[in-house]
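S.K.: return atomic coordinates for the entry below.
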Amino acid sequence: MENPSQPKQSKPYRRSVFFPLLLVFAGILFLLNNFGVLQGDLWEAVRIYWPVILIVLGLDSLFRKEGLIGPVFLMGLGVLIIIYNLGYLQINIWQALLILWPVMLIAVGVDMIFGRRSLFWSMIGIVMIISLLAGAVLLFSSQTQKLAGSRSDSVYELSEVNEAKINVGMSLGSIIVEGARQVGAEEEIVFVSSSDVGLDVDQFGNQAEITIVDESGPYYPGKSANDWQWLITIPKEIPTMLNVDIGLGATYLNLGNTLVNDLNAEFGVGSNELHIPLDDQFIGSFEGGVGLIFVYIPSDLPIKLKTDTALVLVDVPSNYRNTESGYVSSNFRSDSDYAELFINLGIGGVVIRDSSAQ
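M.R.: Alright, predicted model coming up:
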């Protein structure tokens with residue numbers, strides 16, 4: 001007969017196994033980075049497979065029996081991002097996440113049906129959630145391709161302008177900026193998008209200021225994936241100041257074929273790629289919260305790179321010197337002209353590469 005005064009034994013608490021291993025792995029990476037070992041192919045592997053962190057966190061939650069939805073979604077998301085990083089998904093993964101959020105609602109229903117039963121039924125639920133997420137991504141990819149032709153072009157003539165300032169602000173999505181490619185476009189700015197934006201053009205004498213901001217409001221179900229991507233082609237022959245501000249998403253700034261000599265870029269969460277022009281008068285800053293920043297610098301460009309980082313892995317070419325004022329290229333001379341780039345990042349990775357090595 002049970003003694004009512006004896007307290008009932010609670011279920012044994014399962015300690016986390018995967019998370020401590022993740023901390024050990026992260027510590028090893030930071031240590032290797034501090035010793036200058038994390039370079040080349042090893043860093044490329046980190047760039048591609050960092051979503052293993054999400055998979056490990058999901059496995060840890062499953063091991064500790066903390067539910068089904070969150071862990072499986074984390075693991076599925078980690079797998080998809082790795083596939084995207086390997087180049088097998090021709091979509092913008094950030095746009096996909098914003099479009100496919102209703103999958104979470106379906107996953108809740110699947111969890112309520114299968115997640116509280118036996119291991120067999122729980123495995124069926126896991127397979128269903130992963131299959132649903134993969135199928136939704138494939139559908140997103142096909143819809144994006146179908147809608148690719150629905151974009152509209154806005155062209156602004158800058159024939160009498162000798163200096164331009166371009167301000168770009170987007171809450172979420174992706175921003176692509178590159179130099180003019182087509183013949184006769186050296187004095188034009190071309191903006192391509194199907195989203196609802198505000199365009200403001202002011203010209204004062206020989207100076208022009210163009211402001212492009214997102215006016216579509218918050219995300220709503222059914223919104224086209226193309227609404228989240230802007231393509232901006234800027235003049236090749238006009239000195240330009242570029243300001244880019246994005247909340248969540250990706251930026252691709254290919255300034256190698258431009259006269260952009262002043263860059264200010266800010267982002268909240270996302271991935272970013274910057275190609276610096278061959279201009280020893282270039283001054284730029286890149287600031288963000290969480291994400292990856294890849295910078296490609298011409299090998300002939302003398303440059304000083306300053307970083308202000310927290311939990312960030314920084315990888316620079318082996319011929320760069322680490323000085324008190326920052327990293328400098330091998331051809332840097334303090335008494336001559338040189339480019340400057342300041343990077344401020346909270347969590348993530350910063351990779352500096354020689355653009356001629358691409």
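
S.K.: tell me the buried residues in stretch 304-316?
M.R.: Going by neighbour count (16 or more other CB atoms under 10 Å), the buried part of stretch 304-316 is 304-305, 307, 309, 312-316. Every C-beta, even on glycine, is put in place using the N, C-alpha and C of the backbone.

S.K.: next one: stretch 347-358
M.R.: For stretch 347-358, the neighbour count (16+ other CB under 10 Å) marks 348-355 as buried.

S.K.: what do you get for stretch 325-334?
M.R.: Neighbour-count burial for stretch 325-334 flags 326-329, 332 (criterion: 16+ other CB under 10 Å).

S.K.: specify the local secondary structure of Phe191.
M.R.: Following DSSP: H, G, I helix; E, B strand; the rest coil, Phe191 is assigned to strand.

S.K.: correct me, but it touches Asp153?
M.R.: Yes. Using CB atoms under 8 Å, Phe191 and Asp153 qualify as a contacting pair, with a distance of 7.3 Å.

S.K.: when these two are compared, which one has more neighbours?
M.R.: More neighbours surround Phe191 than the other of Phe191 and Asp153, with 20 against 10 (other CB atoms under 10 Å).

S.K.: and stretch 283-298, what's buried?
M.R.: Across stretch 283-298, burial judged by 16+ other CB under 10 Å covers 284, 286-289, 291-298.

S.K.: could you work out the most separated pair of those?
M.R.: Greatest spatial distance among the buried residues of stretch 283-298 (CB to CB): Gly289 and Pro298, at 28.4 Å.

S.K.: quick one, strands of the stretch 51-200 of the chain?
M.R.: Along the stretch 51-200 of the chain, the segments classed as strands by DSSP state E, counting those that start in this stretch run 152-157, 163-179, 188-193, 197-204.

S.K.: so can I have TSV of the ones you listed showing mean pLDDT?
M.R.: Output for the strands of the stretch 51-200 of the chain, formatted as TSV (pLDDT from 0 to 100):
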stretch	mean pLDDT
strand 152-157	74
strand 163-179	89
strand 188-193	80
strand 197-204	83
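
S.K.: which residues are contacting stretch 153-167?
M.R.: For stretch 153-167, the external contacting residues (CB atoms under 8 Å, 6 or more residues apart in numbering) are 187-192, 199, 201, 203, 206-213, 232, 234-235, 238-243, 245.

S.K.: coming back round to it: so which of the buried residues of stretch 325-334 belong to strands?
M.R.: 326-328 (DSSP state E).

S.K.: which of those residues sits closest to Ile129?
M.R.: Set against Ile129, the nearest of those by CB to CB is Tyr327 (44.3 Å).

S.K.: sketch out the low-pLDDT regions of the stretch 251-358 of the chain for me.
M.R.: 356-358 (pLDDT under 70).

S.K.: where do the strands of it begin and end?
M.R.: For the stretch 251-358 of the chain, strands defined by DSSP E, counting those that start in this stretch occupy the ranges 260-275, 283-297, 303-315, 321-323, 326-328, 339-354.

S.K.: now those in a markdown table, with distance to Gly179?
M.R.: Shown next, in a markdown table, are those (distance: least, CB to CB, whole Å):
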| stretch | distance to Gly179 |
| --- | --- |
| strand 260-275 | 9 |
| strand 283-297 | 14 |
| strand 303-315 | 20 |
| strand 321-323 | 31 |
| strand 326-328 | 26 |
| strand 339-354 | 17 |
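
S.K.: Leu105 is nearest to which of these?
M.R.: Leu105 lies closest to strand 260-275 among the strands of the stretch 251-358 of the chain, at 22.5 Å (CB to CB).

S.K.: now the angle from the closest one to strand 283-297?
M.R.: Orientation check (axes from the mean of the first three to the mean of the last three CA atoms, to 10 degrees): strand 260-275 against strand 283-297 gives 40 degrees.

S.K.: quickly run through the sheet partners of strand 260-275, with directions.
M.R.: Note on strand 260-275: by DSSP bridges, its sheet partners are strand 240-254 (parallel), strand 283-297 (parallel).

S.K.: so Tyr156 bridges to which residues?
M.R.: With DSSP bridges as the rule, Tyr156 is bridged to Ile189.

S.K.: burial count for it?
M.R.: 17.

S.K.: quick check: it vs Pro235, distance?
M.R.: 10 Å (CB to CB, to the nearest Å).

S.K.: for Gly198, same thing?
M.R.: Per CB to CB, Gly198 is found 21 Å from Pro235.

S.K.: my guess is Leu231 contacts Ile189. True?
M.R.: No. Counting by CB under 8 Å, Leu231 sits too far from Ile189 to count as a contact (11.4 Å).

S.K.: nearest spatial neighbour of Phe332, skipping sequence neighbours?
M.R.: The spatially closest residue to Phe332, leaving aside those adjacent along the chain, is Pro302, at 4.6 Å (CB to CB, 6 or more residues apart in numbering).

S.K.: tell me the contacts of the one you found?
M.R.: Pro302 makes contacts with 280, 328-329, 331-333, 336-339, as judged by CB under 8 Å, 6+ apart.

S.K.: could you pull up phi and psi at it?
M.R.: Note on Pro302: backbone dihedrals following degrees, to the nearest 10 are phi -70, psi 130.

S.K.: tell me the spacing between it and Val314.
M.R.: For Pro302, the distance to Val314 - CB to CB - is 20 Å.

S.K.: buried stuff in the helix or strand containing Ile210?
M.R.: Using DSSP states H and E, Ile210 falls within strand 207-214. Within strand 207-214, the residues scored as buried using 16+ other CB under 10 Å are 208, 210-212, 214.
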